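> Build the 3D model from these lines:
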Amino acid sequence: MASSSPGDWTERTLVRDGVRLSCRDWGGSGPGTLLLHGLAGHCGEWDAVARLLRDAGHRVVALDQRGHGGGERHPGDVSRAAYVADVAEVVGQLGLVRPLLVGQSLGGHTALLTAAAHPGLPRALVLVEAGPGGAEPGLPERIGGWLRAWPVPFPSREAAVAYLGNGKRAVGEGWADGLEARGDGFWPRFDPDVMERSLDEIAHRAFWQEWSAVDCPALVVLGEDGIIGGGEYAEMARLRPGLHGLSLPGAGHDVHLERPDELGRVILDFVRRAGL
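A predicted model of the protein is given here:
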């Protein structure tokens, strides 16, 4: 495992089955917390939340998942099982004993499946704009088309912020932070074809059986204008009567970028109320 220290956090590089995984280790000596970003994202999206949790006494790590950011750009296996195995490997190698798993969007889905497959691994689960979902056969192609339509290279960081934020400055800043600066402009640190393949299983089935298998305390945080509908959340709550959940008014899918301080406080309150 290699590491470097750019500033407030230490960059760590791990390898599982020949696939490189990159993390931001924020340190801290308290209970472990692992943060998982969404599709086409990067671990830096969690910086504000990570700092808040670390300063509140958590040992915090944010992972660049395979195919994203500083992780392996073209992994051969992008199955849901591979993402889950990566989480288990990071938890083990970095000594995160029964961590709180926090994930947004695809990262939340990975956290959910990890909790189902490894019931002794997490002490609790936080899903941000994520759930068991349902079959969407055209989803990979739709998302891949959107990613390929990005006008890359962006001529400047400001141009990237404006395009990717779509009117929300904080969202644009978060996405732009994940770009790579080259001589001709700013480029994504992922390939659309890899992103498409990462969605294959999600496009063809729901994961309610896995949700029902989760046996640790769970919190679901939604944006009022996000992608998780009321029907999906209601079914999640029906299957898990003790589920904690709330919706942040005015927030969209990127809750962790739009309202990081509020999200951090919600997570800390959940941990305190659940006696974690």
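> can we go C-alpha only for contacts and neighbour counts from here?
Fine.
> Can you report how many residues lie near residue 176?
26 (other Cα atoms under 10 Å).
> for it, what are its contacts?
By Cα atoms under 8 Å, 6 or more residues apart in numbering, the contact list for residue 176 reads 157, 160, 161, 164.
> Ok, residue 256 next?
45, 46, 49, 104, 128, 263.
> what's the pLDDT at residue 59?
Looking at residue 59, its pLDDT is 97.
> What separation is there between the closest residue to it other than its chain neighbours and residue 7?
With Cα to Cα, 6 or more residues apart in numbering as the criterion, residue 59 has its nearest non-adjacent residue at 4.1 Å, and that residue is residue 28. Distance from residue 28 to residue 7, counting by Cα to Cα, to the nearest Å: 14 Å.
> So which of the two has more stuff around it?
Higher neighbour count among residue 28 and residue 7: residue 28, with 18 against 8, using other Cα under 10 Å.
> how much space is there between the more buried one and residue 61?
Taking Cα to Cα as the measure, residue 28 falls 10 Å from residue 61.
> what lines up beside the helix or strand hosting residue 219 in the sheet?
Using DSSP states H and E, residue 219 sits within strand 218-223. Strand pairing for strand 218-223, using DSSP bridges, gives strand 124-128 (parallel), strand 244-248 (parallel).
> What is the burial count for residue 166?
Neighbours of residue 166 (other Cα under 10 Å): 11.
> can you check residue 199 too?
Burial of residue 199 is recorded as 22 neighbouring residues (other Cα under 10 Å).
> Tell me who's in contact with it.
By Cα under 8 Å, 6+ apart, the neighbours of residue 199 are 139, 140.
> Return the distance of it relative to residue 131.
Taking Cα to Cα, one finds residue 199 at 14 Å from residue 131.
> go on, residue 125?
Residue 125 is 12 Å from residue 131, by Cα to Cα.
> Now the common contact residues for these two.
With Cα under 8 Å, 6+ apart, residue 125 and residue 131 have common neighbours residue 112.
> Could you double-check that residue 38 lies in contact with residue 102?
No: in this structure residue 38 lies outside contact range of residue 102 using Cα atoms under 8 Å: 11.0 Å.
> Next, show the common contact partners of the two.
residue 108.
> so where do the strands sit in the protein?
Here the chain has its strands, by DSSP state E, at 2-4, 10-16, 19-27, 32-36, 59-64, 100-104, 124-128, 180-182, 185-187, 218-223, 244-248.
> got those strands as TSV, with distance to residue 230 columns?
Shown next, in TSV, are the strands of the chain (distance: least, Cα to Cα, whole Å):
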stretch	distance to residue 230
strand 2-4	43
strand 10-16	38
strand 19-27	33
strand 32-36	23
strand 59-64	29
strand 100-104	17
strand 124-128	14
strand 180-182	37
strand 185-187	36
strand 218-223	10
strand 244-248	10
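> Take those strands and write them to a markdown table, including mean neighbour count and distance to residue 235.
Output for the strands of the chain, formatted as a markdown table (neighbours: other Cα atoms under 10 Å; distance: least, Cα to Cα, whole Å):
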| stretch | mean neighbour count | distance to residue 235 |
| --- | --- | --- |
| strand 2-4 | 12 | 42 |
| strand 10-16 | 17 | 35 |
| strand 19-27 | 23 | 34 |
| strand 32-36 | 27 | 24 |
| strand 59-64 | 26 | 29 |
| strand 100-104 | 27 | 19 |
| strand 124-128 | 26 | 15 |
| strand 180-182 | 14 | 40 |
| strand 185-187 | 18 | 39 |
| strand 218-223 | 23 | 12 |
| strand 244-248 | 16 | 12 |
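> I'd like to know which of these lies nearest to residue 77.
strand 19-27 (9.3 Å; Cα to Cα).
> Next, the contact list for the residue positioned nearest the centre of the chain, please.
Centroid-nearest residue in the chain, with Cα atoms, centre = their mean: residue 37, separated by 2.1 Å. By Cα under 8 Å, 6+ apart, residue 37 lies in contact with 43, 45, 46, 63, 64, 65, 103, 104, 105, 106, 107, 108.
> No further queries at this time; thank you.
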